[in-house]
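In: Quick one: sequence and predicted model below, then my questions.
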Amino acid sequence: MEEDSTAQSNLTERRIGQYTLVLGGAASVIASYYFSLRVGAGLLIGALIAWANFRWLERTMDAVTRASTAQASSPEARIPIIGYFGLFARYALIAVVVYATFSVFRIPVLSMVVGLCTLGAAAMLATLLEVLNSSSKSH
């Protein structure tokens, strides 16, 4: 049963990553058409940052889980320093990329922030589809 749960979790994580890119790309095209190319580029950049951030978080949490599982019998389990680095460096990456993109290319910050929100929208979409899929199987 635990393997089914892990497989479903991995599938959902993959879907969230894919939906982030699809939603970000679609929003970018729509914003480029209705507003400007700079706004569309900002949405796409934000979505790409959100996707990279999600993947980085996923890898970091997998490493922390492996380390804690390997040390399960130890009274003082230790998390590698790289695990802490991975958790906090993601935010520095977001800040640097947003700042550099705004400074160099004059891409609106708000459009990048909205692009970052595609991860949340993708997570909601993946969850909704999973709930609908599971309810249709039970009937």
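Out: Perfect, thanks for sending it.
In: which residue sits closest to the one residue sitting closest to the centre of the chain in space, ignoring its chain neighbours?
Out: Residue closest to the mean C-alpha point of the chain, counted by Cα atoms, centre = their mean, is residue 54 at 2.7 Å. Leaving aside its chain neighbours, residue 54 sits nearest to residue 119 (5.7 Å; criterion: Cβ to Cβ, 6 or more residues apart in numbering). All C-beta spots, glycine's among them, are computed from the backbone N, C-alpha and C.
In: What does the pLDDT read for that neighbour?
Out: You'll see residue 119 listed with a pLDDT of 97.
In: can you count the residues close to it?
Out: 23 (other Cβ atoms under 10 Å).
In: right, and it touches residue 13 too?
Out: No - look at residue 119 against residue 13 with Cβ atoms under 8 Å: they stay out of range, at 11.8 Å.
In: circling back to that earlier point, just the buried residues of the helix or strand encompassing the residue nearest to the centre of the chain, please?
Out: Element membership of residue 54, judged by DSSP states H and E, is helix 37-70. By neighbour count on 16 or more other Cβ atoms under 10 Å, the buried set for helix 37-70 is 39-54, 60, 64.
In: name the helices or strands packed onto it?
Out: helix 2-34, helix 81-105, helix 109-116, helix 118-138 (3 or more Cβ pairs under 8 Å, 6 or more residues apart in numbering; DSSP states H and E).
In: average pLDDT for the shortest one?
Out: Same thing as helix 109-116. 96.
In: ditto for the first one
Out: For helix 2-34, the mean per-residue pLDDT is 91.
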